[in-house]
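# Below: sequence and its predicted model.
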Amino acid sequence: MTDFTLHDKQSAPEDSKALLNNSIDAFGMIPNLHAVMSEAPGLLEGYQRLHQLFLDSSFDNEETTVVWQTINVEHNCHYCVPAHTGIAKSMNVDDAITEALRNETPLPTEKLEALRNFTLSVVRDRGNVNDDAVQAFLNAGFTKRQVLEVILAAAQKVMSNYTNHLANTPIDKPFQKFEWQKAD
């Protein structure tokens with residue numbers, strides 16, 4: 001496997017240094033994902049921007065977590081599932097939701113389950129989601145805006161999940177207690 005550098009502010013390319021400062025401001029540290037991404041400043045900048053845009057979407061914290069973790073679990077991301085477990089805790093998302101997502105068991109509400117199912121359709125069908133799946137999502141109380149916001153999250157998670165697969169990004173110390181492996 002190719003070794004990727006976990007950059008810090010000293011070793012990172014010049015165009016990534018301010019972006020790593022953004023990471024420190026947001027998280028109090030440079031997450032290992034950002035340290036790897038900083039090798040390609042455009043990737044890190046795009047990821048940070050999409051992250052903020054999705055946080056600013058019309059989804060609430062529980063729904064945001066469902067979309068992110070559904071994609072992370074589907075992509076079998078060893079890094080993002082633990083990281084987003086910690087993020088969900090910081091967002092005061094019920095642990096029952098997080099555990100259902102991590103273990104691919106039923107979510108506590110039909111609406112959240114509809115969100116997971118639609119998100120899976122977007123990912124698995126690469127956006128070629130059939131009309132029935134879209135209508136089921138809308139019938140569950142979501143909007144056309146949210147159809148498109150799931151795509152926003154999918155774009156963000158492709159950036160992080162694929163980077164982590166290629167770089168075998170080490171899990172950050174604060175998230176190691178949430179280590180995860182996909183159930184068989």
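Yep, it's here.
# okay, now the domains of this structure?
The chain is divided into the following domains under automatic domain parsing: 14-54, 60-178.
# Which one of those lies nearest to Asp184?
Nearest to Asp184 among the domains of the chain is domain 60-178 (10.9 Å), distances taken as C-beta to C-beta. From N, CA and C alone the C-beta is placed, and that goes for glycine too.
# Can you classify Thr98 by secondary structure?
Using DSSP: H, G, I helix; E, B strand; the rest coil, the structure places Thr98 in helix.
# residues near it, how many?
Neighbour count for Thr98, taken as other C-beta atoms under 10 Å: 22.
# pretty sure it is in contact with Ala88, am I right?
Yes. The criterion here is C-beta atoms under 8 Å, and Thr98 meets it with Ala88 at 4.9 Å.
# wait, what's in contact with the residue sitting nearest the centre point of the chain?
For the chain, the residue nearest the mean C-alpha position is Trp68 (4.0 Å; C-alpha atoms, centre = their mean). Under the criterion of C-beta atoms under 8 Å, 6 or more residues apart in numbering, the neighbours of Trp68 are Phe54, Cys80, His84, Ile87, Ala153, Lys157.
# quick check, nearest of the residues you listed to Asp131?
Closest approach to Asp131 among the contacts of Trp68 (C-beta to C-beta): Ala153, at 21.3 Å.
# Determine the three-state secondary structure at the nearest residue in space to the closest one that is not next to it in sequence.
Closest residue to Ala153 apart from its sequence neighbours, by C-beta to C-beta, 6 or more residues apart in numbering: Val67 at 4.6 Å. Put simply, Val67 is helix when judged by three-state DSSP.
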